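Asker: Quick one: sequence plus predicted model below, questions after.
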Amino acid sequence: MKFIDLFAGLGGFHVALNALGHKCVYACELNDSLRKIYEKNFNINIDGDITKLDIKKIPRHEILCAGFPCQPFSKAGNSQGFNHKVAGKMFFYLFKIIKFHKPKFLFLENVPNLLNHSQGKTWNFMKKRISKLGYEVDQKIVSPIDFNIPQSRNRMYIVAKKNKLNGFTWPKKLKPKNNLKKYLSRNPKLIKEMTEQRKNAIETWKLFLTKMPKTKYLPNPLWSMEFGATYPFENTTPLKIKLKELKKMKGKFGVSFKNMNKKEILENLPNYSKVRTEKYPKWKIKMIKKTRDFYKENKKWVYKLIPKLINLKSEAYQKFEWNCQGDKFNFTRKIISFRPSGVRVRRNNSSPTLISSTTSQVPYLTWKKRFMSYEECLKIQGMEKLKYYPKTNGVFFPAIGNAVNVKVVYKIGKELFN
Ligand SMILES: C[S@@+](CC[C@H](N)C(=O)[O-])C[C@H]1O[C@@H](n2cnc3c(N)ncnc32)[C@H](O)[C@@H]1O
């Protein structure tokens, strides 16, 4: 069948549908460098901005594919949905094309949060609009890890067929296997370099783990700035009590507020505590309490590490997320990602989601002492056969983090077009 690839990016839909024997007759993508790469890879002219194209010129097709921009519905973005100035409107442009061409199949992708965005109203609205054009629509959250592709990447897949989806079933999950090794290479070519600050963060938390008593529980997350802090967090908050009172207390890493002015005190409070509110939400109280209790129990050895933790400077490095409860306390065969919420450690059975909004969360493989390479990222997205791809961090990582997983699309497509 003939298909079109809207919001084409690196061409994840293209690769998967080609492998299923279908032919791309049209594509569009806003980003200039991605467009050039798409043309070279697939030998096809590709249009630009979807808002400017003449939809009558799109050739006849049976399948419409679109991973429409997800930022407005993503948890990571600010969830403005349709109110998002530009990206939120993309659904309407897509809808116009569907309405005009009415292809037999629709195959769409978005972030999982679209399902619950605005208490489910956003997706319900979209689904109704598409259904009214005579389609049966279905959707499901699917992750590559469900099919033994080593990446946790929940995405919402939407399939629709004119009249009825008769007989379509979502591909079945496979029994999990630890096979990340198959996706890693001995001699990777392109690797993102490690900054000194990150090296320092890894070394500091590695040291921390070597000191951690085997039988003790390590809270997740651990907000080390709370070590030694005494500012109020349970019944009130530091910005709500009198300065005179606050001066009797301690801030980040136990620094005394005694001789500080208001500005200095603010500088010595963790960012998450500087909210002008009578009371913190329950989850925040719980997180702070966990770290403070941990500190009370472990002060004897933890306090010696405080200068090193202070030296990490950024709170994102001073927070630690040990997602490996039950494992020995070390970095052997672990995957680390540097997230705004903290230094996140996970087991090596799968890679964390490759994300598009930043180049800083590329998975770091402790046993290889390096970040995942460009080629490895392509492979866990099923795009290892792409001949051309961006060669700079600033273009490559957003693009690979935006792409659909080719193998997931292939599996769903195989059921859908049968
Ligand atoms: C979620 S990504 C889709 C990725 C793609 N499915 C893949 O496999 O690589 C959304 C893409 O839409 C593109 N885009 C955003 N606004 C656009 C517009 N107005 N017209 C065309 N493409 C647009 C972005 O540059 C981005 O590459």
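Answerer: Received, thanks.
Asker: so residue 285 is in which element?
Answerer: Following DSSP states H and E, the helix or strand that holds residue 285 is helix 282-302.
Asker: how near is residue 19 to the ligand?
Answerer: Using C-beta to the nearest ligand atom, to the nearest Å, residue 19 is found at 14 Å from the ligand. To be clear about C-beta, it is placed using only N, CA and C from the backbone, and glycine gets the same treatment.
Asker: got it, and residue 31?
Answerer: Distance, residue 31 to the ligand, by C-beta to the nearest ligand atom: 4 Å.
Asker: Now do the contacts for that residue.
Answerer: 9, 399 (C-beta atoms under 8 Å, 6 or more residues apart in numbering).
Asker: re the thing from before, counting contacts, what elements does the helix or strand just after the helix holding residue 285 pack onto?
Answerer: Per DSSP H and E, helix 282-302 leads on to helix 306-310 as the next helix or strand towards the C-terminus. Packed against helix 306-310 by the contact rule (3 or more C-beta pairs under 8 Å, 6 or more residues apart in numbering; DSSP states H and E) you find helix 196-211.
Asker: quick check: angle from the helix it packs on to helix 282-302?
Answerer: Going by axes from the mean of the first three to the mean of the last three C-alpha atoms, to 10 degrees, helix 196-211 is angled at 70 degrees with respect to helix 282-302.
Asker: Would you map the helices across the stretch 51-200 of the chain?
Answerer: 90-101, 113-116, 121-132, 196-211 (DSSP state H, counting those that start in this stretch).
Asker: So which bits of the third one are buried?
Answerer: To tie it back to what came earlier, the one meant is helix 121-132. Judged by neighbour count using 16 or more other C-beta atoms under 10 Å, the buried positions of helix 121-132 are 122, 123, 126, 127, 129, 130.
Asker: what residue ranges in this protein score low on pLDDT?
Answerer: 70-88, 355-360 (pLDDT under 70).
Asker: quick one on the thing from earlier: and the helices of the stretch 51-200 of the chain: which comes nearest the ligand?
Answerer: helix 90-101 (6.2 Å; C-beta to the nearest ligand atom).
Asker: for the helix holding residue 285, the distance to its chain's centre please.
Answerer: Its chain's C-alpha centre and that of helix 282-302 lie 28 Å apart, by C-alpha atoms, centre = their mean, to the nearest Å.
Asker: Need the residues that contact it.
Answerer: Helix 282-302 is contacted from outside by 211-213, 216-219, 221-224, 226-229, 233-234, 272-273, 280, using C-beta under 8 Å, 6+ apart.
Asker: ok, the closest residue to residue 194 other than its chain neighbours - how many residues close by?
Answerer: Distances taken as C-beta to C-beta, 6 or more residues apart in numbering place residue 371 nearest to residue 194, at 7.0 Å, with adjacent residues excluded. The local packing of residue 371 (other C-beta atoms under 10 Å) involves 22 other residues.
Asker: Residue 371 bridge partners, please.
Answerer: Partner residues in beta bridges with residue 371, using DSSP bridges, are residue 364.
Asker: What of residue 137?
Answerer: As for beta bridges, residue 137 partners with residue 160 under DSSP bridges.
Asker: which ones are touching the residue in the stretch 201-350 of the chain that the ligand sits nearest to?
Answerer: Closest contact between the stretch 201-350 of the chain and the ligand, by C-beta to the nearest ligand atom, is at residue 350 (19.7 Å). By C-beta under 8 Å, 6+ apart, the contact set of residue 350 is 145, 150, 151, 152, 180.
Asker: from the residues you listed, which is closest to the ligand?
Answerer: Using C-beta to the nearest ligand atom, residue 151 is the member of these that sits closest to the ligand, with 13.9 Å.
Asker: from the contacts of residue 350, which two are the most distant?
Answerer: The distance between the two most remote of the contacts of residue 350 (C-beta to C-beta) is 11.4 Å, for 152 and 180.
Asker: So those two - more neighbours on which side?
Answerer: Taking other C-beta under 10 Å, residue 152 and residue 180 do not tie; residue 180 has more neighbours (22 against 14).
Asker: Give the burial count for the closest residue in space to the more buried one that isn't next to it in sequence, as a bare number.
Answerer: Spatial nearest neighbour of residue 180, excluding adjacent residues (C-beta to C-beta, 6+ apart): residue 150 at 4.2 Å. Counted with other C-beta under 10 Å, the neighbours of residue 150 add up to 22.
Asker: Residue 150 contacts residue 144, doesn't it?
Answerer: Yes. Look at residue 150 against residue 144 with C-beta atoms under 8 Å: they come within range, at 7.5 Å.
Asker: Please enumerate the shared neighbours of the two.
Answerer: residue 380.
Asker: For the nearest residue to residue 6 once chain neighbours are set aside, give me its contacts.
Answerer: Leaving aside its sequence neighbours, residue 6 sits nearest to residue 66 (C-beta to C-beta, 6+ apart; 4.0 Å). Residues near residue 66 by C-beta under 8 Å, 6+ apart: 5, 6, 7, 13, 94, 106, 107, 108, 109.
Asker: which parts of stretch 385-405 are buried?
Answerer: 386, 389-390, 393, 395-405.
Asker: Over to it now: how far is its first residue from its last?
Answerer: This stretch, stretch 385-405, spans 13 Å end to end (C-alpha to C-alpha, to the nearest Å).
Asker: Great, nothing more from me.
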